[in-house]
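In: Sharing a model prediction with you, sequence too.
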Amino acid sequence: MIYLLILIGAVLLEAVLLQVLFKPGFMAPDLLLVLLLAKAYTSGRVAILWAMFGGALLDMLTDTVGLNLALEVLSLYLFLLASERFLFRTALTFLLPAVVALFLKKLGAILLMKSKFSFEVSPLLFVLSWILEILLISGIYFLYLRRNEPS
């Protein structure tokens, strides 16, 4: 229940505040995917159901019908495929697949949206948003996940 409230709060924050601050809106740091990566690290493939729910909710609050749902689930699935292959758990075996999943999700959103609309994407904005996501996922790992790693 607590995770549901945190997830809904992150979706609202991302849809209402962050998408207004970052133009175009899908360049905003993806709080939802960051939370889903942390959930996938602790609970495994169950997080894909959370990704469906969170992506659909984010799609309803923004004008990107299906984009967030598809990219959240795909990114999370790729993260799970990569992280389940490791026989041991360290910061590197979580952070490296997470950083790659965050990058691929952001790049996929840009390519899909650029194919439908014409707009300019600032490389600086792309990198800044990605760095904020990396800092957030690193903080979550070192402050919470490392202490509560599944055995």
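Out: Thanks, I have it. Residues are numbered from 1 along each chain as shown.
In: and stretch 128-141, how far from the chain's centre?
Out: Relative to its parent chain, stretch 128-141 has a centroid offset of 10 Å by Cα atoms, centre = their mean, to the nearest Å.
In: what comes into contact with that stretch?
Out: 22, 27-31, 33-34, 37-38, 41, 91, 94-95, 98-99, 102-103, 106 (Cβ atoms under 8 Å, 6 or more residues apart in numbering). (Each C-beta comes from the backbone N, C-alpha and C, glycine too.)
In: buried sites along the top helix by length along the chain?
Out: In the chain, assigned by DSSP state H, the helix with the most residues is helix 91-116. Buried residues in helix 91-116, defined by neighbour count with 16 or more other Cβ atoms under 10 Å: 93-95, 97-99, 101-102, 105-106, 108-110, 112-113.
In: Dead centre of this structure: give me the residue that sits there.
Out: Nearest residue to the geometric centre of the chain (Cα atoms, centre = their mean): residue 33, 1.8 Å.
In: Check whether that one sits in a helix, strand or coil.
Out: The three-state label given to residue 33 by DSSP: H, G, I helix; E, B strand; the rest coil is helix.
In: again, but for residue 64
Out: coil.
In: Quick check: residue 31 touching residue 16?
Out: No - using Cβ atoms under 8 Å, residue 31 and residue 16 do not qualify as a contacting pair, with a distance of 11.5 Å.
In: who has more neighbours, these two?
Out: residue 31 (23 against 11; other Cβ atoms under 10 Å).
In: and that one, what does it touch?
Out: 10, 11, 13, 14, 18, 136.
In: Not counting its own residues, what contacts stretch 85-99?
Out: Contacts for stretch 85-99 (Cβ under 8 Å, 6+ apart): 37, 41, 78-79, 82-83, 134, 137-138, 141-142, 145-146, 149.
In: In PyMOL, how would I select the buried members of the residues you listed?
Out: Selection of buried members from the contacts of stretch 85-99 for PyMOL, criterion 16+ other Cβ under 10 Å:
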select buried, resi 37+41+79+83+134+137+141+145
